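Student: Pasting a predicted model and its sequence here:
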Amino acid sequence: MAVDDSPALLALLVKCLKQGGHEVVSAKNGQEALEKLQAHKPALVVTDLNMPIMSGLDFIEAARAAPEGQGVPILLLTSETASSLHDRARRIAATGWIPKPLDGPRLLALVAELI
Amino acid sequence: MDDEEDFQALFFIECDENLSDLQTRLDALLSGDRDPEMVNAAFRAVHSVKGGAAAFGFMSLVGFAHDFETVMDRVRSNSLDLSPEVCEVLLRAGDVMIGLVEATRQGEEGPTERSTKVRAQLAALLGTEPEAAPAPAAAAPAAPEPQIHEHEAMAVTVRLAPRKGFLLAGFDPARIIRAARAHGLVSVAVEGTVPPIEAFDPDDCPLAWRLEFEIDGPVDEVRQFFASYAYGADIVMTTPEGEVELTAQVGVLDAPAPLTDAVPAAAPPPVMVQAVERPAAPATVAPAEGTKKPAAAEPSGDGAKAGPQAAARSLRVDLDRVDRLVNLVGEVLIAQAAVAQGVGESDATELSAIKPLVETLTRQTRELQESVMSIRAQPVRSVFGRLPRVVRDLADALGKEVKLVMQGEDVEVDTTVIEELTEPLMHMIRNAMDHGVETPQVRQAAGKPRQGTLILSAEQRGGRVRITLSDDGKGIDRETVLTKARAKGLVGPDEVLDVAAIEALIFHPGFSTAATVSAVSGRGVGMDVVRRKIQMLSGRCVVAGDPGKGTTFTITLPLTLAVMDGMAIRVGDQQFILPLASVVEAITVGPRDVNPLPDGTQIMKLRDEFLPVLSLRQALSLPDDGPESRTAIVVDTETSGHVIIMVDDLLGQRQVVLKSLEGNVGTIEGVGGATILGDGKVALVLDIAALFHLGPKTVADLERMH
């Protein structure tokens, strides 16, 4: 599942994942992602960090509390490097982060490693 | 990627939205709004642009946005006070962002002089804090040590101790071990013990793994491999040279380095001085809050909360599709009018039963049309929103203190009108600030507050929108205007003009009362352009000045350009439509009222005023054989005053759907468009002002059309 509030980046992300032969569900924010997580049970989630309604971190926190979200690798897509962010991400069991700009082959390699 | 260009186009559209949103938020912050959600929204807007720019590799945009965002983040976390100086820098940064995005869109990526300067100011804001420096970027060295890149077998040990949440995060130790084989794993040992069942936490992984590798490739490969898991586990990697640092991240290890470029470590003092020097404007805006509140409170209040929700519930549709829909509804409207007319005129008894149905249809068609037109409608806020910045910049340039108060930003107008409105509004604001509002010294001497006030308001009146811009400046100096007009030969030496006529002179092409031509206005084109542009939109533009107290410009515009109220007239066997807005009155003309002039034109005296007369039959080269026409219409051309046109008959008022001719027969002077009447016939919509200036060739063109 790909989650991003920017349609352009979401499209880019979806396209990249599809090129890797994955079926992709997309969501525009954490709230929607949470609903789709329960409905579609994706094998892996790549989510943007800053989104309206529900941010990436809040989504991960909520996902880990739900039975569907436990054990699903969730990658944060962000260009932030602040250590406080990553401390929190780690605490709420985010699986990892991918820096922007999105490097397609790297993302696919990583996804292949995780699922 | 083949459709990367599409994504980029989409990115730029988003940028526009984000930046316009940012502008609104920053303006709200500047006017004293301290709603945390406002700061958040502004932060998000910058962040979104940065994210997108990073994805497409527009690094100079990313670099700038990063600093901007860092400052916003400080504000957000309350570690940077939102003082007027800070606001000012943020506003400038917003402007620079717009410039950078535009440059990037044009393919001219790269920092500009201005962006570098403002970036330094942003850095200066961060510099005031001890731990300010671009820490994140600086903390991202972690470049792989080159000396370990030796291609010979090397013994490497990795100890992987999962943290709590390792399994929850979707990591699977068995998978890791399996995958590690590809990197030269030779042995695995488990450390730790599984606790008794009562102490067992399924989320926790009490075991650690010791993995021994024999590597003959670059050690970095293994490092990369384990970096993927560093988020969920403590990983210690030991090579013969010692411990290798594993950055807790996934994927690429080189953090977005360009973020640091061009950030001066220490802020140059002159920049700071400049930032401090400027607060005059924002500081004086603050008291304006009281007056502004009634109009501005609403958007800042629920706008902030409704914003994201509203965005989620909206749909982006190509304007072409909407236009197609509008066109189709126009056709339906015409067909419906034909049915209504047919049924209405018929006496057949079997039709009387469907008359109420036709009435319902008429009403519903009208509703349908209104709903469709409302899709194209936009609040004038999208134009108004850019103006506070214009006012600020101008106030700086002119050394004046001016605050802008806006009202009625929610009034909705057709997209086309909105697009065309920006330029005239800018001209009007420039004019008001240059010629209307006095310098603070002059104002003080006149017993006025130092700061001038511009009030820009929009309101809907029937099918039209009225926009007024009033200032509390010196008003229009009628003496100067008249003297100047006489000197330029615009007014005869003995001609006596009433107040309104004198004031209207400022719209005359080539008129300018500014003693010196300034960069802002005063080239004598401004107000002329405004009037022409407004007329092109079927609008009117008037000015009223109160010497010493101020000037008020009023523009009235149709809410939409696609539907127009028209007056149907008949000339020969042809029907034409005149825009109702330009019709002043209908008169009956006696046989001897019209006097021919030597140059072949005709004039007629109407209430002590000589007006030019145009016979539509002649102008359109229609057969001039019918009985002499007795009916005439006085039309306000707005450029050459009132004129009289002779017609054969007045058919009455019609609401018509305008169809462009350009796509079918090209632009024809004298004709503003065409419409289809209820009886299915095509009628041309006349542009009388242009008709009066027609050369013979264009008349011939018109003739060919008939």
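Tutor: Received, thanks.

Student: Residues touching stretch B:574-581, excluding its own?
Tutor: By CB atoms under 8 Å, 6 or more residues apart in numbering or on different chains, the residues outside stretch B:574-581 that reach it are B:538-540, B:558, B:564-570, B:616, B:620, B:622, B:633, B:635, B:651, B:653-654, B:656, B:672, B:675, B:677, B:681, B:683-686, B:688, B:706. Glycine gets a C-beta too; all of them are placed from N, C-alpha and C.

Student: Mind checking which of the residues you listed land in helices?
Tutor: Filtering these for membership in helices, criterion DSSP state H, returns B:L616, B:I688.

Student: For beta bridges, what are the partners of B:A233?
Tutor: B:P162 (DSSP bridges).

Student: just for the stretch 451-600 of chain B, where's the confidence low?
Tutor: Residue ranges of the stretch 451-600 of chain B with pLDDT under 70: B:462-463, B:509-526, B:560-562.

Student: And the helices in it?
Tutor: Taking DSSP state H, counting those that start in this stretch as the criterion, the stretch 451-600 of chain B carries its helices at B:478-487, B:499-504, B:526-536.

Student: Next, the buried residues of the longest one.
Tutor: If I follow you right, that is helix B:526-536. Applying a neighbour-count criterion of 16 or more other CB atoms under 10 Å in any protein chain shown, one finds B:G526, B:M527, B:D528, B:V530, B:R531, B:R532, B:K533, B:I534, B:Q535 buried in helix B:526-536.

Student: Now do the fourth one against chain A, distance only.
Tutor: When distance is defined by CB to the nearest CB, to the nearest Å, B:V530 is 37 Å away from chain A.

Student: For the helix or strand of chain A with the lowest mean pLDDT, name the packing helices and strands.
Tutor: Across the helices and strands of chain A, the lowest-confidence element by mean pLDDT, DSSP states H and E is helix A:83-91, at a mean of 78. Applying 3 or more CB pairs under 8 Å, 6 or more residues apart in numbering or on different chains; DSSP states H and E, one finds that helix A:83-91 contacts helix A:56-65.

Student: if we go to 10 Å?
Tutor: In terms of contacts (3 or more CB pairs under 10 Å, 6 or more residues apart in numbering or on different chains; DSSP states H and E), helix A:83-91 is packed against helix A:56-65, strand A:74-78, strand A:96-99, helix B:135-138.

Student: mean pLDDT lowest for which of these?
Tutor: Note on the helices and strands packed on helix A:83-91: lowest mean pLDDT is at helix B:135-138, with a mean of 38.

Student: a markdown table for the helices and strands packed on helix A:83-91, including mean neighbour count and distance to B:A353?
Tutor: Putting these into a markdown table (neighbours: other CB atoms under 10 Å in any protein chain shown; distance: least, CB to CB, whole Å) gives the following:
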| stretch | mean neighbour count | distance to B:A353 |
| --- | --- | --- |
| helix A:56-65 | 22 | 61 |
| strand A:74-78 | 26 | 66 |
| strand A:96-99 | 25 | 70 |
| helix B:135-138 | 17 | 78 |
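
Student: Could you dump these into JSON lines with distance to B:A377 added?
Tutor: Below are these laid out as JSON lines (distance: least, CB to CB, whole Å):
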{"stretch": "helix A:56-65", "distance to B:A377": "35"}
{"stretch": "strand A:74-78", "distance to B:A377": "36"}
{"stretch": "strand A:96-99", "distance to B:A377": "41"}
{"stretch": "helix B:135-138", "distance to B:A377": "44"}
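
Student: before we move on, the earlier item: what residues sit buried inside the least confident helix or strand of chain A?
Tutor: Across helix A:83-91, burial judged by 16+ other CB under 10 Å covers A:L85, A:H86, A:A89, A:R90.

Student: And for stretch B:64-84?
Tutor: For stretch B:64-84, by 16+ other CB under 10 Å, it's B:64-76, B:80, B:82, B:84.

Student: Would you check that B:T239 makes contact with B:M154?
Tutor: Yes: checked against CB atoms under 10 Å, the pair B:T239 and B:M154 is within contact range at 6.3 Å.

Student: Next, show the common contact partners of these two.
Tutor: Residues touching both B:T239 and B:M154 comprise B:I148, B:F213, B:I215, B:V219, B:V222, with contact defined as CB atoms under 10 Å, 6 or more residues apart in numbering or on different chains.

Student: where does the second one fall, helix, sheet strand or coil?
Tutor: When classified by DSSP: H, G, I helix; E, B strand; the rest coil, B:F213 comes out as strand.

Student: which ones are touching it?
Tutor: When contacts are counted by CB under 10 Å, 6+ apart, B:F213 is found next to B:153-158, B:180-181, B:183-187, B:219, B:222, B:225, B:237, B:239.

Student: And the residue located most distally from the centre of chain B, what's its pLDDT?
Tutor: Relative to the centre of chain B, the most outlying C-alpha is that of B:P196, 66.1 Å out, by CA atoms, centre = their mean. Per-residue confidence (pLDDT) for B:P196: 77.

Student: State the distance from it to B:P579.
Tutor: With distances taken as CB to CB, to the nearest Å, B:P196 is found 91 Å from B:P579.

Student: ok, then the element right after the helix ranked longest in chain A?
Tutor: If you go by DSSP H, chain A has its longest helix at helix A:7-19. Going down the chain from helix A:7-19, the next helix or strand is strand A:26-27, by DSSP states H and E.

Student: neighbours of B:L611, just the number please.
Tutor: By other CB atoms under 10 Å in any protein chain shown, 19 other residues sit near B:L611.

Student: which SS state does it fall under?
Tutor: Under three-state DSSP, B:L611 falls in the strand class.

Student: Enumerate every residue touching it.
Tutor: Shown in contact with B:L611 (CB under 10 Å, 6+ apart): B:Q602, B:I603, B:M604, B:K605, B:A632, B:V634, B:V635, B:S640, B:G641, B:H642, B:V643, B:I644.

Student: what about burial for these, which qualify?
Tutor: By neighbour count, with 16+ other CB under 10 Å, the contacts of B:L611 hold B:Q602, B:I603, B:M604, B:A632, B:V634, B:V635, B:H642, B:V643, B:I644 as buried.

Student: Can you read off the pLDDT for the second one?
Tutor: Listed pLDDT for B:I603 reads 81.

Student: Which positions are bridged to it in the beta structure?
Tutor: Note on B:I603: beta-bridge partners B:N595, B:P612, judged by DSSP bridges.

Student: Then the fifth one?
Tutor: With DSSP bridges as the criterion, the beta-bridge partners of B:V634 are B:E585, B:I644.

Student: circling back: what about chain A: which of the buried residues of stretch B:64-84 touch it?
Tutor: B:A65, B:H66, B:E69, B:T70, B:D73 (CB under 10 Å from any CB of the partner chain).

Student: Let me know the closest of the contacts of B:L611 to chain A.
Tutor: B:V635 (49.2 Å; CB to the nearest CB).

Student: thought A:Q38 was touching A:Q31?
Tutor: No: counting by CB under 10 Å, A:Q38 does not reach A:Q31; the two are 11.8 Å apart.

Student: Pick out whichever of these two has more residues nearby.
Tutor: Set A:Q38 next to A:Q31 and count neighbours by other CB under 10 Å: A:Q31 wins out with 17 against 13.

Student: So the more buried one: helix, strand or coil?
Tutor: helix.

Student: how many neighbours does the closest residue in space to it that isn't next to it in sequence have?
Tutor: Of all residues not flanking A:Q31 in the chain, A:M54 sits nearest, at 4.4 Å (CB to CB, 6 or more residues apart in numbering or on different chains). Neighbourhood size, A:M54 [other CB under 10 Å]: 20.
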